[in-house]
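A.B. asks: Predicted model, plus sequence, below.
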Amino acid sequence: MTVDSGLAPREGTPYGGPDPKPEKRIVDVVAMRRFRKNSAPVCQVCGKPWPRYAMSIHHIVPRSQGGDDVEANFAYVDGHGSSGCHGCLESRRNGARFRLRQVLSQAQVDYVVAKKGQAWLDRHYPVSAVSDRSPVKSSA
């Protein structure tokens, strides 16, 4: 005996509907090496020169949010993970993100807008300087 659930199959998967898996990221190790080799060892956030071993690649659109390993998604910054300017970006300090936004190339902006949209770019990399600290309450 067949039971009709009354639900029509959705498009996209064998059972219908959109595919639940996210789109595959572009992983290009050669692009990362080329970017490191061709970039001057100057931090894009603070503007200071650093030895190459102290520099790292920051993904403007994080890999966890679908960011690709393409040059338009890379920023060359000092520190690693939680140290230096890379640490400031990872901890979402608005001052560091504002400074990086000021030096993003048009190709980088175009990539982020195409990948995540203008609102995402403005929210994660503000166009105006915002204090990293919460406002101090006066006791007066």
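C.D. replies: Yes, it's here. Numbers count the residues shown, from 1 in each chain.
A.B. asks: Leaving out sequence neighbours, find the closest residue to V112.
C.D. replies: Leaving out its chain neighbours, the residue that sits closest to V112 by CB to CB, 6 or more residues apart in numbering is L121, at 4.8 Å. Using the backbone N, CA and C atoms, a C-beta is placed for each residue, glycine as well.
A.B. asks: how far is the strand or helix carrying the one you found from where the chain is centred?
C.D. replies: Using DSSP states H and E, L121 sits in helix 118-124. Chain-centre distance of helix 118-124: 10 Å, with CA atoms, centre = their mean, to the nearest Å.
A.B. asks: now do stretch 55-65
C.D. replies: Centroid displacement of stretch 55-65 relative to its chain, using CA atoms, centre = their mean, is 5 Å.
A.B. asks: quick one: terminal-to-terminal distance for it?
C.D. replies: Stretch 55-65 has its terminal residues 23 Å apart, counting by CA to CA, to the nearest Å.
A.B. asks: Contact partners for the most centrally placed residue in the chain?
C.D. replies: In the chain, the centroid-proximal residue (CA atoms, centre = their mean) is V61; its distance is 1.9 Å. Residues in contact with V61 (CB atoms under 8 Å, 6 or more residues apart in numbering) are G67, D68, N73, Y111, V112, K115, K116.
A.B. asks: With D69 instead?
C.D. replies: Contacts of D69 (CB under 8 Å, 6+ apart): R25, I26, V27, D28, V29, A31, M32, H59, R63.
A.B. asks: On the three-state scheme, it is what?
C.D. replies: coil (DSSP: H, G, I helix; E, B strand; the rest coil).
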